[in-house]
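1. what's the 3D shape of this:
(chains A and B)
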2 protein chains.
Amino acid sequence: MDSNKPMAETGPPVLDEEPIQKSGLEKVEEGSPKAPVEIKLSSEAPPKKQRRAKLKAKDSSDKAATQLLTESQITALENAFKAGDVEDRGVVDAGQVQFIVQQVLGDVLTVSEVRTLVQKGEAVGAATGVINLQEFKDLLIDLLHTTTTRWGALQTSLDGYVGFDTVLEQQRKKFLKKGFEFNLMVVGESGLGKSTLVNTLFKSKVSRTSCTNEPPQKIPKTVEINTVTHVIEEKNVRLRLSITDTPGFGDQVNNENCWLPIYDQINKQFDKYLTEERSVVRRKQIPDSRIHCCLYFIAPTGHGLKALDISCMKKLHDVVNIIPVIAKADTMTIEERDAFKDRIREDIAEAEIKVYPSSLLPEDEDVLQANAPIRKHLPLAVVGSDRALTINNKSILGRQTKWGFVEVENPNHCEFSFLRDMLLRTHMQDLKDTTHEEHYENYRRQKLSEEVGENNGAGA
Amino acid sequence: MDSNKPMAETGPPVLDEEPIQKSGLEKVEEGSPKAPVEIKLSSEAPPKKQRRAKLKAKDSSDKAATQLLTESQITALENAFKAGDVEDRGVVDAGQVQFIVQQVLGDVLTVSEVRTLVQKGEAVGAATGVINLQEFKDLLIDLLHTTTTRWGALQTSLDGYVGFDTVLEQQRKKFLKKGFEFNLMVVGESGLGKSTLVNTLFKSKVSRTSCTNEPPQKIPKTVEINTVTHVIEEKNVRLRLSITDTPGFGDQVNNENCWLPIYDQINKQFDKYLTEERSVVRRKQIPDSRIHCCLYFIAPTGHGLKALDISCMKKLHDVVNIIPVIAKADTMTIEERDAFKDRIREDIAEAEIKVYPSSLLPEDEDVLQANAPIRKHLPLAVVGSDRALTINNKSILGRQTKWGFVEVENPNHCEFSFLRDMLLRTHMQDLKDTTHEEHYENYRRQKLSEEVGENNGAGA
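-> Residues are numbered from 1 along each chain as shown, chains lettered A, B, ... in the order given. Below is the predicted model of the structure:
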C-alpha cells in the first residue's frame, strides 16, 4: 500500500487538482466497500478529522482550485485497486485497469469510454507497464469527471424525488420551439425514380421536379446541384428539410468527374459551418446545411455495381453517410433481387466502400443490435410511388399494372418501409450526429492541420 | 412590379444562390395565395414550362449549386410584397418588412428572429430606406433557410404520417445514454447554511463538508475554491453534478479581492472549454466544467445588501448566472422578510446588478411568462434542513424549535420549493444554455478579439 507514496508526485497532472489526500486511510477496513453516502441525512459533523486538517490547509495554500473526492469514492477506488493488486506489489498492470474500473463502478461502460480508459492507462503506464495507486486515482478522476456518467456503485443515492429528470421535458420544449434540420441528398442516374422516392418518403411533393419551375424532362449537360427546402411539421415537431439532387449525374458520355461537383458541394457546406463556428461573433445556432445523408441509387441491372457507382461512392464515403438503394426494385423478381443484392454486397465489400452505418466506428451492444438488421439488408431494394389506390377503404401507395399491384409499404413487396423507418424513425438523429462527429470533424481536422502546416511553412 | 428588375443584380448575395426566377409570374392571380402544395399527390408533369427552360439552362451553367424556391413559395412571397406595396411603387419601406413577413408566414416569429430580420432589413435598405422585390426575396430566403422553422403558411403539408417526430425519442435515448452535467456554485459568508441548502436541494449529502475529509469548522485564511462531483440518477437520467464552494469568502478582515479567485475559477473553466473547442483533434463531447449557476447567499440582516455583496455580484454578473437567495430566512418574520426583500430588490436595481433571468436578453412571450414570477420573487428567502420530522406518517424536512416547526418545502413558510423548482425543474436547461450562449460566448468573443488585436499589433 505505501510503496506508491514516493511515486505519487510523478503521476501525470491529468486534471489540475492537488494529489488526493491519503491521510486517514489506514482506518478503512479492507474488503468492505462502504455505501457511497448514507441515505439518512444528518447534520452531525464527521467524527474526528482534526488531525488531517493541517495536511489539507498546507495543500490548499498552494492551489486555489481543488477538486475533491468524497470519502466513499476514495474508499471504493482504493479497495478496487487493492483487489486488483493480488500480489500486493503496490502496482497493477496497465492493461488490467479497465477490468478494475468495471469492478469498482459495477456498471457497463460504453465502448468509447473503455477505449479512452485503455489509451490513457497505456499512456500512464508506458514506461513501466504498471500503474500505482496515485496514478490509478488520477486516471479514474479524469474518467469520472470528464467522460462518463456511468458511475455505478460510486453514484450518490437520493433521499427522495429531486426532479432533475424534468430536464428532458425542458429540452423537449426548447426543441419544439426551434425545430430542426435534416439535409438529404439523392444521387443516381436520371430515370431511377429519385424524385418519386423522396416524395414517397415524405408523403408530400418535396422533390425539386414536383414543386419548382424546372423543366421536367431535359437532362443537363453537366452535373448540377439543386436544393429545395421545405418546412414540414408532425406533432408540433418542425423539420426544415432540404433535398439536394444532382441532375446530370451519370448521364454524360464521359462521367469521369461527375462525383466532383457533389464532393465540392458537401465540402462547401462543411466549410460554411466551420467558418461560422470559428468566427468571433457567431450565431447562437449555426445554420446546418451539411448533407446528413446521401441516398445512392443503383440501377436494377442484375449485373452488380457499375464502375461509376464504385468510383463515385469511394470518393464520397469519407465525407457523407451513404445509404445505397436499389431503385425500381419492382422490375426484378424476389429471387433476382436477392441475387442482385448479394452481388452488390460483394462488390461493396471488395471495393471497401464504407456505407452507413459504418462498421469502423466503435459500437455499444445496443447500437450493434440496432444496426445489425440494417447491415444485413443493405442495399435496400425500394419502389417509390406517389399514387395511392383505395383498397377496403384504406389508401395504399403503390404501382398498379395490368399484372398486379406493388404495394410500396408492404415489406413483402419491397424494402421501402425498411428504408423509411431507418432514415426517419430510428437513425435520423444518428445520421446527423455522425455527420457532425465524424465527417465534419474529419474535414475540420484536415483543414486546421493544413493551416498549421502553412503557418509553419511560412514561418520557416 | 417590373421596376425592380434592374436592381435585382445589386441585391446582396445573402446566400450563394442565383437570382430567383421571375418568369411565368404574370399568371399568378393577385390576392389569392395558393396553398403551398397540393395535398393530393400525382406524378403528372407540371403543365407547359418549356418556355422557361431556356432561361433556367442559361443560369445554371454559371453556378454549380442552386437553392430553389418552390412555385408556391414564390407566389406567396410576391403576393405579400405586393400587398405591402400599397402605393404600387415597386418597393416597400425597410422598417415595414417584419410586418409583411409576419403576414406571409401567418405564424409568430420569436423575438430573436424578428430582431435578425429587422437588422438585416435595415442593412439592405440602408442607403435608400426601401427594399425592392428581389431584395425582399433574398432577405426572406436567408431567414427561412437559416434562421427560422416557423414557416406558417409556407409550410408543406403532408399526405399522411411520416414519422420524423420520433426524432425526439431518438434524442431522448442518446441523452439517457450520455447523461448530463450541471455545475453549481455557492457563494456567501460562512455560517449562512450553504452546505445544508445544497444538501436539501439534492436530497443527499452532496456538499463538500458532508462528504469529504475536510475539517468542518476552521475558516481558511484566503478564499478557497473547492469542487465536489457526484453522479446522481432519477428515472434513468444521470446527472454529473458538481458543487463548487468558496470557503473563506467574506470572512477576512479585508475582503476587497475575495471575488477574484471566484472570477478566475469561472474564467478558467471557460478557457478550458474554449481550448478544447479550438483544438485540432477534439473530443466528441467537450467536458463541461463551466459554472452554470451561482447561488449568492445574502445574510438575513434586515439592512439590505452589504457593500461586499454589491461589489462581488457586480464583478460576477457578466460571467455567470447569479441567483441571489436570502439565507436562513426563518430568522425573520414574514413581514420583516418582505420588507427586506423589497430593500434588496431596490439595492440590486440601483447597483444595476444583473441577476438571472437577465432582463437584457430578448424574450418570447412564453419565456416572459415563465420568468415573470421569478423576477417578482427574487431574491428568494430560503431555509435549508437535512433533518426530517415524521408527521402523519409523512416525512417532512424542516427545522424543529421549541416554538415551532419550519417546513422547508412549505411555500407559506419559505421560498425553498420555489428555488428548487426553478433551479432544477423549469430552468436547469436554460441555465446551461444561457451559460453557453451568453457568458461563454462573451468570454470567447473577448479572448478571440484580443488575439486578433495582438496579431495585428505584432504584424504592424
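2. could you pull out the helices for the stretch 251-400 of chain A?
-> Applying DSSP state H, counting those that start in this stretch to the stretch 251-400 of chain A gives helices spanning A:260-278, A:307-316, A:334-350, A:365-377.
3. Kindly apply the preceding question to the stretch 101-250 of chain A instead.
-> Counting by DSSP H, counting those that start in this stretch, the segments of the stretch 101-250 of chain A that form helices are A:111-124, A:133-142, A:167-178, A:194-202, A:208-211.
4. Compare the mean pLDDT across the ones you listed and name the weakest.
-> Here the lowest mean pLDDT among the helices of the stretch 101-250 of chain A goes to helix A:208-211, at a mean of 76.
5. Could the C-alpha coordinates of that helix be exported in PDB?
-> Coordinates of the C-alpha atoms in helix A:208-211 are reproduced here as PDB (Å, rounded to 0.1, in the frame of the first residue of the first chain):
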ATOM      1  CA  ARG A 208     -37.500  19.600 -57.000                       C
ATOM      2  CA  THR A 209     -39.200  18.400 -60.100                       C
ATOM      3  CA  SER A 210     -42.600  18.300 -58.400                       C
ATOM      4  CA  CYS A 211     -42.500  21.700 -56.800                       C
END
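6. which secondary structure elements does that helix contact?
-> For helix A:208-211, the contact count by 3 or more C-beta pairs under 8 Å, 6 or more residues apart in numbering or on different chains; DSSP states H and E identifies helix A:194-202, strand A:225-234 as packing neighbours. (Each C-beta comes from the backbone N, C-alpha and C, glycine too.)
7. strands paired with the longest one, and their directions?
-> What it means is strand A:225-234. strand A:237-245 (antiparallel), strand B:65-68 (parallel) (DSSP bridges).
8. Which of those strands has the lowest mean pLDDT?
-> Mean pLDDT per stretch puts strand B:65-68 lowest among the strands paired with strand A:225-234, at a mean of 63.
9. moving C-terminal of that one, what's the next helix or strand?
-> Elements were assigned by DSSP states H and E; along the chain past strand B:65-68, the next helix or strand is helix B:71-84.
10. For that next one, buried residues please.
-> Using 16 or more other C-beta atoms under 10 Å in any protein chain shown as the test for burial, helix B:71-84 gives B:71-82, B:84.
11. Can you give me the pLDDT of residue A:258?
-> Residue A:258 carries a pLDDT value of 87.
12. how about the nearest residue to it, chain neighbours excluded?
-> Computed as C-beta to C-beta, 6 or more residues apart in numbering or on different chains, the closest residue to residue A:258 that is not its neighbour in sequence is residue A:223, at 4.9 Å.
13. so where's the stretch 151-300 of chain A shaky on pLDDT?
-> A:212-217 (pLDDT under 70).
14. change it to 80
-> Filtered on pLDDT under 80, the stretch 151-300 of chain A yields the residue ranges A:152-153, A:208-221, A:252.
15. and the residue of it nearest chain B?
-> Nearest residue of the stretch 151-300 of chain A to chain B (C-beta to the nearest C-beta) works out as residue A:179 at 2.9 Å.
16. Give the closest residue to that residue in space, chain neighbours not counted.
-> Nearest residue to residue A:179, sequence neighbours excluded (C-beta to C-beta, 6+ apart): residue B:149, at 2.9 Å.
17. Would you agree the one you found is in contact with residue A:177?
-> No - the criterion here is C-beta atoms under 8 Å, and residue B:149 misses it with residue A:177 at 9.3 Å.
18. List the contacts of the residue nearest to residue A:282 when sequence neighbours are not counted.
-> Distances taken as C-beta to C-beta, 6+ apart put residue A:276 closest to residue A:282, at 5.6 Å, once the chain neighbours are dropped. With contact set as C-beta atoms under 8 Å, 6 or more residues apart in numbering or on different chains, residue A:276 has these partners: A:282, A:283, A:286, A:287.
19. Tell me, how many residues neighbour residue A:444?
-> 19 (other C-beta atoms under 10 Å in any protein chain shown).
20. export the helices and strands packed on helix A:208-211 to TSV and tack on mean neighbour count?
-> Putting those into TSV (neighbours: other C-beta atoms under 10 Å in any protein chain shown) gives the following:
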stretch	mean neighbour count
helix A:194-202	25
strand A:225-234	22
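21. what about the nearest residue to residue A:449 once chain neighbours are set aside, how many neighbours?
-> Closest residue to residue A:449 apart from its sequence neighbours, by C-beta to C-beta, 6+ apart: residue B:280 at 5.9 Å. Using other C-beta under 10 Å, the number of residues around residue B:280 comes to 13.
22. Confirm for me that residue B:280 is in contact with residue A:451.
-> No - using C-beta under 8 Å, residue B:280 is not in contact with residue A:451; the gap is 9.1 Å.
23. Now do the same contact list for residue A:333.
-> Not one residue lies near residue A:333 by C-beta under 8 Å, 6+ apart.
24. circling back to that earlier point, determine which two of the contacts of residue A:276 are furthest apart.
-> By the measure C-beta to C-beta, A:282 and A:287 form the most distant pair in the contacts of residue A:276, at 10.8 Å.
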